[in-house]
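Novice: Coordinates only, no sequence provided:
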């Protein structure tokens, strides 16, 4: 397939269309992706082994696709038809890896100034001090990498990449090891840096929390293919594909059969796992008897210790608590509803005030729009 | 103690190990990063002086330097004398003789540098040459010192190659190991003993230093 001339008004967009196959313990791995990233944060999300890092390596020039084309701001980096493959060091693509790869024989400031070696000393010093200040680590300039903390290293690594004024920024889980507060501070600093530079930032993560916290756009990658793409709330809140649902950690996944259509109120009724439990769910393109998959996030389930009334929620299912388990700051509750098990997540405070214990009778409340239908 | 022979030997070792620093680094670089399928042949060639009898090596070097070989003739047309039985000839013979003692520690150090650092350097806009100079070399300092010291010590004690290529000309090619041999031939055991002891002590000190810096690098990390 041939492409027309590049769009003339030069945008800062990064466009990636690559295929790559390589041997893998579970057979040959095929990577086949095509996406376009505008300036701002785009999250590349997927389980480990989905090919996220390979995509970044191809963009950075540390790995070569078998075929395809990679363009940044109208400039070709890779074009297999023209046998073009710009070497990594000429690409001006910033790449920060999870393990950071800071130079152990250099101080924080020397690390940061590494990529602007051609500038005169005074200019180098001015710029590196300035960017260390932007990332709030200027006091560390004389320290060696072995002498500074994890969070500080992440900041130094970001500063070292950003000082080279890259045309795009690739971040391979650089903040994965940090606590939430440190992470959000660094992200804020990164955002303010990008307000001035306006480059595409491709941020790889496998944490769904980060997808919502950071992304203006999200791309979901699974087994070398893009399975969903769009704003995070669309991609993540209404999973249409089961792979997405599993990646997102939708805890409750059931086989469902459509037993009633209610076009007038925009809902359908589904029976779960051929059991007695029926749920009213949003209307989808289906027929009576259609087999679907139904997903509900554990955090979307409400528990009541008496039959609730006066609720807008359409689904109220009686059951019995089978198991209570505290995980970090949430309580996971397994509720047996006539042989169908639901997992609900509550806060510690909710467990206390409801006096929940194993064996107690409860009612599960499910909003219609918390039910996500997927093709089986 | 034959001081002229001692200083001649030290001069030879210093020149040879310095030259090996210059020649050995590109060879070690190539050996470390080349993906050529026949690279193992080059590895074997570099290591050959370790196992080859010095007389064999010396014999071929002598042939190569003599006035019947192209190299020898070229040198003769340039300087008016042959390379054989000169100090320069000794330097060439010793370079080959001590090559693996420089190249192998260099190559080991280069391949010990974390490849992620090389990737980081490339993505920061540094060409492969610059990455090598700014990342690989500084992080290979211990290996460079080791290679320098080992080739120095190895050249100090060489005998067979020197005898074949240089002969035994006082002040020109008579090194201490040959001096020791001469003394023993002349039954001057006490003089031989003095020189031998000095060689023993110097070699031991150099090796102690090599093992010392490598141990420190091992216990503390190459860089703290």
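Specialist: Structure received. Please read these numbers as outputs of a predicted model, since none were measured by experiment. Numbers count the residues shown, from 1 in each chain, chains lettered A, B, ... in the order given.
Novice: Could you find the closest non-adjacent residue to residue A:337?
Specialist: Among residues not flanking residue A:337 along the chain, residue A:319 sits closest, at 3.6 Å (C-beta to C-beta, 6 or more residues apart in numbering or on different chains). All C-beta atoms are positioned from the backbone trio N, CA, C, and that covers glycine.
Novice: Secondary structure element for that neighbour, which one?
Specialist: strand A:315-327 (DSSP states H and E).
Novice: Distance from that strand to the middle of the chain?
Specialist: Mean-position distance between strand A:315-327 and its chain equals 29 Å (C-alpha atoms, centre = their mean, to the nearest Å).
Novice: Check which helices and strands it sits against.
Specialist: Counting contacts by 3 or more C-beta pairs under 8 Å, 6 or more residues apart in numbering or on different chains; DSSP states H and E, strand A:315-327 is packed against strand A:278-282, strand A:330-337, strand A:340-347, strand A:361-366.
Novice: Spell out the secondary structure type for residue 101.
Specialist: Going with chain A. Under DSSP: H, G, I helix; E, B strand; the rest coil, residue A:101 falls in the coil class.
Novice: That was the other one, I meant chain B.
Specialist: Following three-state DSSP, residue B:101 is assigned to helix.
Novice: which residues sit in contact with it?
Specialist: Applying C-beta atoms under 8 Å, 6 or more residues apart in numbering or on different chains to residue B:101 gives the contacts B:20, B:147, B:150-151, B:154.
Novice: and what of residue A:184?
Specialist: Applying C-beta under 8 Å, 6+ apart to residue A:184 gives the contacts residue A:213.
Novice: measure it to chain B for me?
Specialist: 25 Å (C-beta to the nearest C-beta, to the nearest Å).
Novice: what does residue A:157 give?
Specialist: Using C-beta to the nearest C-beta, residue A:157 is found at 9 Å from chain B.
Novice: so how far is stretch B:98-105 off the chain centroid?
Specialist: Centroid separation for stretch B:98-105 versus its chain: 6 Å, with C-alpha atoms, centre = their mean.
Novice: quick one: the helices in chain A?
Specialist: Taking DSSP state H as the test, the helices found in chain A are A:52-60, A:108-112, A:121-134, A:150-162, A:180-197, A:208-214, A:232-237, A:242-248, A:348-354.
Novice: Does residue A:102 touch residue A:157 like I think?
Specialist: Yes. The pair residue A:102 and residue A:157 passes the contact test of C-beta atoms under 8 Å, sitting 5.8 Å apart.
Novice: Identify the spatial nearest neighbour of residue A:233, chain neighbours not counted.
Specialist: In this structure, residue A:233 finds its nearest non-sequential neighbour in residue A:212, 7.5 Å apart by C-beta to C-beta, 6+ apart.
Novice: was I right about that neighbour contacting residue A:232?
Specialist: Yes. Using C-beta under 8 Å, residue A:212 is in contact with residue A:232, at 5.3 Å.
Novice: Looking at these two now, which is surrounded by more residues?
Specialist: Between residue A:212 and residue A:232, counted using other C-beta atoms under 10 Å in any protein chain shown, the more crowded position is residue A:232 (22 against 14).
Novice: so how far is chain B from the more buried one?
Specialist: Distance from residue A:232 to chain B, counting by C-beta to the nearest C-beta: 27 Å.
Novice: And the pLDDT for that residue?
Specialist: Residue A:232 carries a pLDDT value of 78.
Novice: Report the contact partners of it.
Specialist: A:43, A:211-212, A:215-218.
Novice: any idea which of those is closest to chain B?
Specialist: Set against chain B, the nearest of the contacts of residue A:232 by C-beta to the nearest C-beta is residue A:43 (20.5 Å).
Novice: got a list of what that closest one touches?
Specialist: Going by C-beta under 8 Å, 6+ apart, residue A:43 touches A:203-205, A:210-211, A:214-215, A:217-219, A:232.
Novice: tally of neighbours for the residue nearest to it when sequence neighbours are not counted?
Specialist: Using C-beta to C-beta, 6+ apart and skipping the chain neighbours, the partner closest in space to residue A:43 is residue A:215 (3.7 Å). Counted with other C-beta under 10 Å, residues neighbouring residue A:215 total 23.
Novice: and residue A:215, how far is that from residue B:133?
Specialist: Applying C-beta to C-beta, to the nearest Å, the value for residue A:215 to residue B:133 is 40 Å.
Novice: Could you do residue A:55 as well?
Specialist: 31 Å.
Novice: So which of these two has more stuff around it?
Specialist: residue A:55 (29 against 12).
Novice: List the ones among the contacts of residue A:232 that fall in strands.
Specialist: A:43, A:217-218 (DSSP state E).
Novice: Give me the number of neighbouring residues for the residue nearest to residue A:124 when sequence neighbours are not counted.
Specialist: The spatial neighbour of residue A:124 that comes closest, neighbours along the chain excluded (C-beta to C-beta, 6+ apart), is residue A:113 at 4.8 Å. Residues near residue A:113, counting by other C-beta under 10 Å, number 25.
Novice: does residue A:113 really touch residue A:122, like I thought?
Specialist: No. Contact criterion C-beta under 8 Å: residue A:113 and residue A:122 do not qualify, at 11.5 Å.
Novice: one step back: how much space separates the residue nearest to residue A:124 from residue A:119?
Specialist: 8 Å.
Novice: so what's in contact with the two at the same time?
Specialist: Jointly contacting residue A:113 and residue A:119 under the rule C-beta under 8 Å, 6+ apart are residue A:127.
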